[in-house]
Every structure is written in structure tokens, then in C-alpha cells.
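Chemist: Structure for this input, please:
(chains A, B, C, D, E and F, ligands or ions: 3)
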Amino acid sequence: MSAIDTGNTAWMLISTALVMLMTPGLAFFYGGMVRRKNALSTIMMSFMTLGLIGVLWVLYGYSLSFGPSMGGIIGDLSWFGLNGVGQDPSTIYATTVPHLVFMAFQMMFAIITVALITGAVVERMKFSSILVFAVAWFTLVYCPVAHWVWNSQGWLYKLGALDFAGGTVVHINAGVSALALALLLGPRKDYHKGVNIGSHNVPFVVIGAGLLWFGWFGFNAGSALTSGGLAASAFVATNTAAAASALTWMFLSWFFHRPTVSGIATGAVAGLVAITPAAGFVSPIMGIPIGIGVALVCFFMMRLRNKTRIDESLDVFACHGMGGTFGAIATGIFASTALTAGAGGLLNGNIKQVGIQLLATVVVWGFAFIMTLGIGKVIDLTMGLRVSETEESIGLDISQHGESAYGDEL
Amino acid sequence: MSAIDTGNTAWMLISTALVMLMTPGLAFFYGGMVRRKNALSTIMMSFMTLGLIGVLWVLYGYSLSFGPSMGGIIGDLSWFGLNGVGQDPSTIYATTVPHLVFMAFQMMFAIITVALITGAVVERMKFSSILVFAVAWFTLVYCPVAHWVWNSQGWLYKLGALDFAGGTVVHINAGVSALALALLLGPRKDYHKGVNIGSHNVPFVVIGAGLLWFGWFGFNAGSALTSGGLAASAFVATNTAAAASALTWMFLSWFFHRPTVSGIATGAVAGLVAITPAAGFVSPIMGIPIGIGVALVCFFMMRLRNKTRIDESLDVFACHGMGGTFGAIATGIFASTALTAGAGGLLNGNIKQVGIQLLATVVVWGFAFIMTLGIGKVIDLTMGLRVSETEESIGLDISQHGESAYGDEL
Amino acid sequence: MSAIDTGNTAWMLISTALVMLMTPGLAFFYGGMVRRKNALSTIMMSFMTLGLIGVLWVLYGYSLSFGPSMGGIIGDLSWFGLNGVGQDPSTIYATTVPHLVFMAFQMMFAIITVALITGAVVERMKFSSILVFAVAWFTLVYCPVAHWVWNSQGWLYKLGALDFAGGTVVHINAGVSALALALLLGPRKDYHKGVNIGSHNVPFVVIGAGLLWFGWFGFNAGSALTSGGLAASAFVATNTAAAASALTWMFLSWFFHRPTVSGIATGAVAGLVAITPAAGFVSPIMGIPIGIGVALVCFFMMRLRNKTRIDESLDVFACHGMGGTFGAIATGIFASTALTAGAGGLLNGNIKQVGIQLLATVVVWGFAFIMTLGIGKVIDLTMGLRVSETEESIGLDISQHGESAYGDEL
Amino acid sequence: MKKIEAIVREERFHLIKIALEEKGFISMTVSDIMGRGKQRGISLKWRVGEHRIEFLPKKKIEIFVEDKDCQIVVDTIIERAKTGAVGDGKIFVSPVEEVYKIRTGETGPEAI
Amino acid sequence: MKKIEAIVREERFHLIKIALEEKGFISMTVSDIMGRGKQRGISLKWRVGEHRIEFLPKKKIEIFVEDKDCQIVVDTIIERAKTGAVGDGKIFVSPVEEVYKIRTGETGPEAI
Amino acid sequence: MKKIEAIVREERFHLIKIALEEKGFISMTVSDIMGRGKQRGISLKWRVGEHRIEFLPKKKIEIFVEDKDCQIVVDTIIERAKTGAVGDGKIFVSPVEEVYKIRTGETGPEAI
Ligand SMILES: Nc1ncnc2c1ncn2[C@@H]1O[C@H](COP(=O)(O)OP(=O)(O)O)[C@@H](O)[C@H]1O
Ligand SMILES: Nc1ncnc2c1ncn2[C@@H]1O[C@H](COP(=O)(O)OP(=O)(O)O)[C@@H](O)[C@H]1O
Ligand SMILES: Nc1ncnc2c1ncn2[C@@H]1O[C@H](COP(=O)(O)OP(=O)(O)O)[C@@H](O)[C@H]1O
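Modeler: Ligands and ions are numbered 1, 2, ... in the order given. All right, here's what the predicted structure looks like:
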């Protein structure tokens, strides 16, 4: 057992807190984008994950994901209820900080991943159903994928897949599942009907994006698990990609229309998504091409999707699914030999890494999509996924939560 | 004098900043819960403590609370104006970080404690009176109680009362005082009159709760005063209790009505309150029973109170008073031998600890209640506590502050 | 090359993140103060600097400001694109943390400085023009001034000018430029016309002020570049000045009218501004006179300005220009021998320091004012500075960004 | 048919609503308005002298009724809206020529 | 001249607006109101029993027209506002005596 | 009695209010509405072509007056609301049958 380093621990503690803050941030990022009558319900879908996954993770999630592996597929339950997870460092993960800190840091990732999905189902999904879905998806999709990619015995990890802070586990996983769930659920009844279903509070979107950006320093630079050069490098790569993507998106939206505020906010988030798997593996200045690239990919994906009847409402797939995919592949391209303690990526002549990245991407795409369809279908057939038409038209705030965001009931 | 540890100092600096952020967070948590016409006045009552207590603490508050003790009752004024409180560590408190950091960390506790009380008197108390009250209460109630419980010479500290991060000093103290002040003040004139006096902005309540949760990591894990295993343990206990309580409250509100957003937010805060005295003394998984327990206690306390004519408006007593009491006793029950460097709590067979906890609780209850009644009565007889009926019906934003939150004056 | 200290690095990483958060904070501080129809445009002016300066800084800004000096006037481009700026510490700046962290920390200062200026031009300046202005001003004003004052070879630095965290570089620079630009631009068409052009959302102003205060701990205490006594001292000085100024402003606004919420928020910011150059050079308790002094200076400056036709809309000059000037001089007066490793300030009998401070102040005033007039004039003559009258009356949200903050288009 | 426009105190709305319900008048349209009467709002004492809050938020209730029901609705509102203090509000009655019920296309009394 | 006040579903507003435009009726004034009809709002099933949402947000469209245009405007609105379900709304027509166009000072039909 | 409904530019409201006050007309009810006139709002040039902002926010002032006061109120409003540019707004006058002052129960001219 190695000794605790107070500096590393300080950085990991605050990183954990930063990632926690992302979930309320997301609640506002999403909550601002829906109509007044669904503001609370949208916020609730994110916020409840703090409670729900916060409990499930310490009970069994951490053990399934990071516990002793059963064949590289899933952890056993030997760390159930934080059994054996204590103040001393783990011998495997983050060996200079208390094991509890590493556990908590990972918890915040699980929480926000589940919250991310909810952006696709706002304004029409029953609260009870999203709750049941969250439990099932967390257990059957998140924990296994986290195990494969991040557990030191996980099969994708062993294959050499690079995912610094969660491109596959968090973003592809959430984005693809969001798409699957939106397909099952069908569009909102007012979707593409000439009704204004736009953002009721763009400042909330901005404060959400601001908190996400802020928290993402913990997400990415915290994934260095130490306080030093690697964290610094990931930190700068993160900021650079966010900035480049925000700027690119602003110009794109200007080209087609006007430089929108929701555009620059969305662009920032897309940049943060794409740099997530790459942050600690690429030279920080590579944040610029990655940021520009992801803005192009996501922006056009969003335009395309918007032409269809697929109501993937707040573009979780376009941003996180596609952004995560782009980032995973970009990691294979831009990874630097110096930072990966290995062969680097395509630019270092290591074409194999691109292949591994593609494989990991395809695996997570497929698994997330099929599992989500399955879970969703079962819920649909038993308790139903959608609220009634009347409830949808009154809004989910009142029909699901008995409250109104701005106290305007009479 | 021991040496400064940069890691511990980094953690304490950021923890101090985190606790500072809780006060603006509280301003929104409270501000969202009142009517539009009192939004600013409610926010102001919290925000002004940052200025007021921020000055008083460095002048004399720190010295009274943590300075050389006069018989375990109160500090003398030898540290007046930060005299002797410098960059070197204290020899008594937090011996590996600069004394100034410990001082600042404690300051943020004093600030938010005073702010907490204001939730009971919103929508009707004169601003000048709450200002005078704050000065008096801080001096005559907060400083003594902090001295008793946390000063190394304090009489309750010496008795062995366990209060990791402020169950008695902060929560019971504020909650019970809030009740006393609300009783003196009487209910709002529209209270229980069939008028909608509900939240004007529930998203503000959520952002407040989010910032409180985030800041509470500094509050509780920062109370370890070092960056290491103890901080990690307190951190995880904190999050677990918050999550368990939020979830429990959500189900409780569902059982009686619907799963409300203000319910889950309140539940989270209640969980954070209850774990405060216990955070570093209990095994982190104990956050689950503590969280569930406090949600039950506070939820039913709130329902009960709401049936009376006591207009303890934003449930400071129900949440902080009762939650803190529950937490203080729970600490006596769940404290673990390993973490208290002592005999542990009831579960370790040390029934005496429960007695000590009860004693400390009763002492703070009594002292806070009587002192607040006294201070409040004096203010009532001299300058008056309440605004006039006309001012109350126009709203305190305009009548006390000459402003309107959303610029809707004509 | 000295070794990386994990504690210092942790503190600098989080400080960098804290300063980043100030820009969204500022977006809300400013955004709340304008009319509904310009809320987004105001927020956008701040938020876009995160993207724009975030990219320019890593490309060439850091090299111009902190790179090898050409005669103390400006850096060369040898650090273009972060060339040579890596995980190892710099040999000159912050020698115990990765060079990348120091670079990123400084970046956040550049970002917010540009954002600060925009407060003077809200509700009437074309978005394309503010964008071009931002690029030019950043390159031609910010980078040189940062070089002079903070580069170890900068001519003002060598003269011995004391600026702990940016009184001249950030606040005077931004404040004076804001004044110049406002003069060029002319007042809003509704200014002083009996139309209500007040804050549309004061709670946003408060949340902005809260985040600024929180982030300022990174700004000032982070400027210690290490985690220890100096950071602690700067931290406490910062909080004390903010508190004293907030309180003073509250009483001032009470004396003339009522204790306004926007007043206490503005006062807090003014206090933070004034303590910025002094934070690490003065004994923390000096935050009290500095806070009181700056509140008086800025409050009366604001009243005075408001009597003129100069529509320096959100008082960037009054707060940052005058506050920064006051702070720079106060630093010369209150600097303590113990903390400056030198002769201290006027109170230590070193009158020369006041002279140096005055010189640095005058130089930055003059340079910022003239350069801004020049840049602004060129933009005025080429692309124009203002939106059309129609666009101004419809509001910039719709006319410049094609969006409405609260979705109230039909 | 008549249109009844009542401008009342916000805090009285609930009482009025219930009283009308009891008499069988369920339908109504409500909006938030700002208003002032002859008294020019309310005057508050501030440190720097008297300050006048000119416009105060009120609720506007619009009810369309058959001629025969007009008086009873007006009386019910007055009964519940009255506090006796300045600011109680006003009721205005004006003529309506035709009413259409969109769902059924009905007009006249059946449409109300 | 007539004043037409139509209280319609929020989500139908867009359709109505376009239909009126096509027939040449561009001018209108729109506001957000809360309303309830005879059905007393909508009833939802909650865990603890039935819960009634009494007031629902609606759009109020006000159009001032010459007498001869009144019927066509009413018919156009009805056509587009109708879903056949409860809550479709109402249209009220009342007399107007005079109109002034502020910009030109014109009155009467030219001013509309 | 008459009901005067004036739809005016937001930024002119203050001037109008003061002018009416000077002539002794204190009472009024004000609300925020969105409106468009014959010009279909305002057209802005955007990079991708022309864009039309159809509905613009306006203030609606409602004043109930005795018949004899009607013209002077209308004239005063017109005088202050007029800029000469498109969008100045309209004033509509319609008949009112009865007024009740809730506080006193008075009706007719004394109630206004
Ligand atoms: N002549 C009027 N025209 C338009 N609105 C009026 C008029 N008189 C009263 N009101 C409305 O009625 C509200 C209450 O009137 P007020 O005069 O305060 O009541 P009271 O007569 O009991 O003092 C005002 O705020 C205003 O909105
Ligand atoms: N008598 C009335 N007075 C005032 N407003 C009415 C009246 N009847 C209906 N309304 C308004 O019209 C809206 C729609 O009426 P509703 O009765 O729900 O439609 P439907 O007749 O199709 O069921 C209501 O919400 C209310 O605002
Ligand atoms: N026929 C009408 N019916 C309803 N509202 C109208 C009508 N004509 C004008 N308005 C209202 O008056 C406002 C100003 O009208 P507008 O035509 O823009 O003024 P102008 O005639 O000076 O150009 C509009 O925004 C609308 O709210």
C-alpha cells in the first residue's frame, strides 16, 4: 500500500465535488431548453439521479464496476456496501489517494451519465418510468461498460482502448441510449407541428453550460487521479477544445442564421464531450482541431436529425453520442506517444490504435442501443413509457410533480 | 509550530471557498420559496450576512469563539482584529495549515448560521431589525456556543460532545432560534388564509440546493482540517446521507401527493444537515440510515408544523433544528470506535456517548431559544420587529429595499 | 528545474477553474442588469470571451504576455501554440507547478478582463463589432500591459510596481477602456429619457456577484501561486475587503434611498476589485479600510457619472476603473514590509512606493484610453459600432442573436 | 349578454372564485395587470422622505354572462372583494353582441 | 366596428395566425391569460385520488374589425381553433364606437 | 361611460402617464401585450436574408371615463404616444354600461 499524498487527495476531493456540480448544471442546461410547463420535470429527471445513483453506487454499483472482475465482464459483489473500501488507498486505482475518494469520484460519473440520457425524453416520459429505467439502465448498462473500459481487468481495457475520462463509458453510452429511448418513446405531440417548443429560459441554459464547463475540469483533469503535469495537460486540453468548439459553433450558427447564445453554449458542451476521452492522451494544443472537428460533426448531425421525425429532444445523441464517437476516434488519431506511455496514435504512425478505438466504439454503441431498447420495451409493456395526452398538454410539472416552476397556478 | 502542508492547505482553502458559496446558495434556496414581491428581500437577508458577519468575525468573533478561553465559557479579545492570527499554523487548531485559513474556514460557518435563521422570518420582518438581530445573535449566541463546542477549552468540548462539522453549533442553534423568532414575530398576514403563498421560482430552489450540496463537501469534509482519509470518509458519508434523504423525501412526498421537486431538494438539505455532526465519526455507509431517518423526522415535523398557526416560514426549525437534533443523537449512536479515537457510540456499546450528545443538544436548544426570545423581545420593544401591514402587502422588496426583483415596476 | 509540488498544483488547478467560473458569473451579473430584450446579448458578450480569448491565448496571447521579452515591451512569439509550455514547471513563473497550469491560470485573467469591458456597451453595440474589438483590444492592449506589469522582464515590473492579482492589468485596464468605448459609442437611445432601463432580473445580479466572490478567491489567493501562508493571507484580505465594501455600500445606498440588493452586490464587487492589487501585500485586516474606502469612491463616482450624458452603462469604469485605481494606490499605502520582501508602503515610511504605483496607474490609464479610442474609431469608420435604431428598440437579443431569453416570441 | 370585468386584490381572488363557483359560475378568464386608482397607489415612508408606489399588481377577472345573471355575479364579487380599505377595485359591465363556442359552433346563451 | 376576443388553446395560435393572415387580417393583439370553462379545467388521477387543474393557460387574441369583416374573422378562427375536445375556447364579439390611429390621427374604418 | 383601450409603445408609457396625471386622470389599468399592425411587425436584415419580427411587445392602457372626458383622454394619449413612425399604436373606444366601486358599492359616475 502506497502512502496518501495530501496534494493529490486535495485535487481529487475537489474534482469529485466539481463533477457532482455538473448534474445540477445539466439540470439547468436541459431545464432552460424546454417549455415553462415542463421546466421542473426536466430538472427533476437530472436531479433525482443524485439521490438514486448516489445510493445505488455505494450499495452495489462500485463493486460491479470496479470490484474484482468476473472474467473481465462484470465485478462481483465483494465490495457491496463499500465493504473493504476505506480510507487507505486502493492498490489498483489512484494509489496515492484514499480508496473512498476514487470511489466517490467514479460515482459522480455514473450519476451524470444517467442524467444525460434524460434530455432525450423530456416533456413526455412518465416520471415513474424514467425512475425504473434509471435503475435498470444503471445496473445493466452503465456498470458493465464501466467495468469493460476502466476496470483493470476489463476486457476492453486490456485490449488497450484509450478512454481518458469517459468518451465511451459516459458520452457514447448515454448518447446512443438516448437515441434508442427516444425512438421507442416517439416524438412529443407538438413536435414539428408549428408550435413553439423552444427554450423557455436561455439564461438557464447558459448557467448550466457555465457550471458544466467549470465542473468538467474535475471530470477530465481529475481523471489524471493525481495533481501534477498530467492533470495540467488534461486541464488545458479541455479548456482549449471547449473554447474552439464554442467559437466554431458560434460561427456555424451565424453562417446559417445568427450567432445564437444557445449555439455557443451547445458548442462548448460538444467540445468538452469530444476532448473527454482524449484529454490526458493528446498534446493540449490538439484541443483546437478536436474542438473544431466536433463542432462541425455535431452541428450538422443536429440539423439533419431535426429534419426527421425523431424527437431526440435536447440532442443528447447529436452532442454526446456523436461527439463522444468523434472524440474516441480522434483519441486514436491524436494520442501522443509521450502521454500514452505506449505507441501513441495515428499521427505517431500507430494505426492499430484507431482500430482499437473503433472496436470499443462499436461495442459500446451496439450494447447500449440494444440493451436500452430491451429495457425500454419491457417498461413500455408493463407500466408504460409515456404520460397521457392530457398530461402532456398540461405539462409534466403539474401532472407528474404537482408543482409549477414559477408559481403560476391559480 | 508544525510545518505547513501544501496539500492540506489547498484543501482547506478550497473548502473555505466552498462554504462561502453556500450562503449565496442559501439565498436562492430561500429566495425561490417566497412570493415574487419578497424575492429580493429574502435573498438580501442571507446575502447581507456575508458582509456583516464577514467583518464582525475578523474583528472580534473569531477571538470570542476560538481565542484563549475564559473558563470554557467565552474567548477573550486577545485575537481582536486578527491580532496574532497569521500565516503560521495555530498550535491548537489545524496545525498543518496557516492559522488564517482555519480562521477563514470558521468564519464561513458563522456567516451561514446567521443566514439560516432568516428563513423563518421572511415576508414580514423589517430589514433594519433583522440586521440588529444578526449582530446581537451572532455576538451573544453564536460565539458562545461555538466556543463551548469547538474551542479546545470549551466546556462541552471537554465533556466529550461529538460535533464534527456543526450539528449543534450551526443547525440546532439556527433552527431553534428560528423557531423562537418566528413565534415572537407571528405569522404572515396571508398565512393560512387561502392565498397562494408558495414558491415563486422553484428552479431557484433547485440551484440553491445544488450549490448547498456542492458547498457542503467543504463544510463536512473540510472539517477534517486535512486532506486525507478522514476528509474522504466525511465526504462520502455526506454524499450518501444527502442522496438517501433526498430519495426518501421524494418517496414520502409521492406517497402523500406527488414526487415534488421542492421535496427532493429539501430532502437533500435535510440529509446534509443530519450528517453534519456525524460525518467524520461514522462509517460512510451509515449515511444511508441517517439519511433515511432524518427525512422521516423532518418530513413529518413539517407536516405537523404546517397544521399549526406557527409560521416558521421556510421550515428552518423543521429542517435544521430537528435535522440537527436527529444528527447529534445519531452521532452518539453510530459513531465508530475507529473514527473517534475513543469509545465510539451506542453501536459500539458506549451508551454514555448518547447521554453526552443529548446533554449538548439540550443545552444548545435551551440557550438558543431563550437568548433569541430575549434579543427578539428587546428589538420588538424598541424598534419593532415587523413591517407595517401595508408594507407587508406591497412586499418587502419595494418597501424595504426600494427595488423589484424582475423590474416590473411601472 | 524545481520539482512539482502536488499541493501547490492542486491549489493552482482549482484556482484556475475558479477564475474561469467568474466569466459566466459576470455574464449573469451584467445580464441581470439590462432589460429583458437585451439579456442574452449581454450574457453573450461575456460568454463569447471564453471561446475567443480561450483560443487566442494558447495561440499567441500567452507568448506575447509572458514569453521572452523584447525590451520589456512585449513578448516574442517563441511560445506560439504553447510551444515549449509543458508539464514541467517554468523556471521563471510558479516554479513548483506545471508550466501549463500557470499558463491556464493567466488565461482566465485575460478572458475576464475582456468580458469586463462589455458592460459599458450593452444594449446598443453590434455583436460583430464587439467581436472584432475584443480581438484587437486583447492583442494590442491586454497583452502589452500584462507584459509590462507581470512579465519578469516587463518594464513596470522592473520598476517595482506592485500588482498582486491585477489591479492595473485587469481592472484599470478594463475600466478605463470601457469608459473610452462608451464615449465613442454614445448613450443608449432611451438613456435619461424617463424610460425604465433598469435591471430585469436582480436575482441574476446576485448569483453573478456570488459566483464572482467565490471565483475571486482563485483570482487573488491563487495569485500566490503556491498553497500556503501567502495564499491564506490574500484569501482573508480578499474576503474582508469584499465584506467591508458590501456593508459600506449598503449603508450608503440606505442613506440616500434604501439598502438595495443591487447595491450590496455592487459593493461586494467593488471591494474585490480594490483588494486585487493589494491582496498579498497587505495585512489581511487592511481589507477593512480598503473596502470602506473603495465603496465611498465608487459609490460617489457612480452617482456623479449618472448625472452626465455618459452612458457607461453598467458602471465598469466607476467600479473597475476607479476601484482599481483606488486599489493600486492603496497598495502603495498599505503594503507591509513583511509581505513585500521589500520596503513596504507609505505606512512603513516608503513614500516612493506610492509614486511607483501612481506611475503604473497613469501609464495604464493613458495607454488603455488612447488605444481603445483608436481601435474603436477604426471599427466605427469601417464596420460601425452601433446597431441601427430599429434594432436597438427591438432589442439586441432578437436583432443580433435571433433569440429571445425567455422564449416569448410568438 | 354582458362582459363583467372585475379588477380586484390578488389575495381576494381565491375567495371570489369559490363564491362564484358556489353560485354556479364556473367559467372565467383571469389575468395579471398593474393598476392604480384615484389615490395614486400607496405612499410609503422612506428615510429620504415619502415614496409613492403608484402601480400595484391586481387580478383582472373577466366573465361573460347572460343579462339575467349579471347582477348576481357582480354582487357576489363585491361581497368577497370588499375589505373597506383603499384599493378594493372596480367592476365594469359592458355589452356583448355575440358569443361562439368554438368546440360546437353554438352561439348565444347556450355558448356561454 | 367590432371587437373580437377569442380565447384559444396556446398550441392553436400559430395555425390561427396564419389562416387570418391569408385572408388579409394581419393586425392583432395577443396576451397570455389563465382560464377555465364550465368543465372546471381538467382532472388528473394522482396517487392520492383525483386532482383538478382548474385554470389552464390560454391565448387571448383581440382583433378590431369593421362590421362587414366580423363574420369571416370569427369563422376563420373557429375553423382553426377547433379540435372537438373540451377546452377549445370561446369567441366574444362586442361593439366598438371609435378607433384612432395614433400615428396619423385617423379615425373610423381607415384607422383599423 | 366609455372604455378607452390604448395600445402604445412601451417607451412612451411614462410620458403618457404623466400627461394624463396632469389633466387629472389618475386611474388606469396597464398590461403587457404582444401586437402587430398592418405592417406585420418589423423587418430586419440578417446574413441569410430578411427576417420579420412579427409581434412586438406593447403596453395596453385601459381607462374607464365618463363620456364627457373621453375625447380629452384620447387626445392626450395621442399627443404623447405619437412618434410618427410605424408602430405608434391604436386607441379603441367602446361603450360601458355600468361601473361599481367595490369599496363603497357606489355605481355610475361617482364610481369611476
Ligand atoms: N377609471 C379607471 N380606469 C381603469 N382602471 C381603473 C379605474 N379605476 C380603477 N381602476 C383599476 O382598479 C384598481 C383599484 O382601484 P382603486 O381606486 O385603488 O380602488 P378603490 O376605489 O377601492 O380605492 C386600480 O388599481 C385600477 O387597476
Ligand atoms: N363565460 C365565460 N367567461 C369568461 N371566460 C370564459 C367563459 N367561458 C369560457 N371562457 C374562457 O374560454 C376558455 C375555454 O373555455 P372551455 O369552456 O374550456 O371551452 P369548451 O367550451 O370548448 O370546453 C376558458 O379557459 C376561459 O378562459
Ligand atoms: N385591428 C387591430 N386589432 C387589434 N389590435 C390592433 C389592431 N390594429 C393595431 N393593433 C394593435 O396596435 C399595435 C400598433 O399597431 P401598428 O399598426 O403597428 O401601429 P401603426 O398603425 O402606427 O403602424 C399593434 O401592435 C397591435 O397590438
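Chemist: Settle this for me: A:H320 is touching A:G167, isn't it.
Modeler: No - taking contacts as C-beta atoms under 8 Å, A:H320 lies outside contact range of A:G167: 9.5 Å. Heads up, the C-betas are built off the backbone N, CA and C, glycines and all.
Chemist: Find residues that contact each of the two.
Modeler: Shared between the contact lists of A:H320 and A:G167 (criterion: C-beta atoms under 8 Å, 6 or more residues apart in numbering or on different chains) are residues A:V273.
Chemist: what's the helix or strand hosting A:A180 packed up against?
Modeler: Assigned by DSSP states H and E, A:A180 belongs to helix A:173-185. The contact analysis (3 or more C-beta pairs under 8 Å, 6 or more residues apart in numbering or on different chains; DSSP states H and E) places helix A:173-185 against helix A:99-117, helix A:316, helix A:322-334, helix A:351-382.
Chemist: Can you give the distance of the next helix or strand after it from its chain's centre?
Modeler: The helix or strand immediately downstream of helix A:173-185 is helix A:202-216, counting by DSSP H and E. Chain-centre distance of helix A:202-216: 14 Å, with C-alpha atoms, centre = their mean, to the nearest Å.
Chemist: buried set for helix A:202-216?
Modeler: A:202-216 (16 or more other C-beta atoms under 10 Å in any protein chain shown).
Chemist: Now do the next helix or strand after that helix: which elements does it pack against?
Modeler: Counting by DSSP H and E, the next helix or strand C-terminal to helix A:202-216 is helix A:229-256. With contacts defined as 3+ C-beta pairs under 8 Å, 6+ apart, the packing partners of helix A:229-256 are helix A:202-216, helix A:261-275, helix A:287-306, helix C:6-31, helix C:39-56, helix C:99-117.
Chemist: Mind checking the pLDDT average for the second one?
Modeler: Per-residue confidence for helix A:261-275 averages out to 98 on the pLDDT scale.
Chemist: Is that helix in proximity to chain F?
Modeler: No - applying C-beta under 8 Å from any C-beta of the partner chain, one finds helix A:261-275 out of contact with chain F, separated by at least 13.7 Å.
Chemist: from the chain's centre, how far out does that helix sit?
Modeler: With C-alpha atoms, centre = their mean, you get 13 Å for helix A:261-275.
Chemist: And stretch A:217-224, by the same measure?
Modeler: Distance of stretch A:217-224 from its chain centroid, counting by C-alpha atoms, centre = their mean, is 14 Å.
Chemist: Do it and chain B come into contact?
Modeler: No - on the criterion C-beta under 8 Å from any C-beta, stretch A:217-224 is out of touch with chain B, staying 10.9 Å away.
Chemist: Next: stretch A:400-410.
Modeler: Yes - with C-beta under 8 Å from any C-beta as the measure, stretch A:400-410 is seen reaching chain B through A:Q400, A:H401, A:G402, A:E403, A:S404, A:A405, A:Y406, A:G407, A:E409, A:L410.
Chemist: closest to C:G67 among the buried residues of helix A:202-216?
Modeler: Closest approach to C:G67 among those (C-beta to C-beta): A:W213, at 26.7 Å.
Chemist: ok, the closest one - contacts?
Modeler: Applying C-beta under 8 Å, 6+ apart to A:W213 gives the contacts A:A242, A:A268, A:V269, A:L272, C:M20, C:P24, C:L50.
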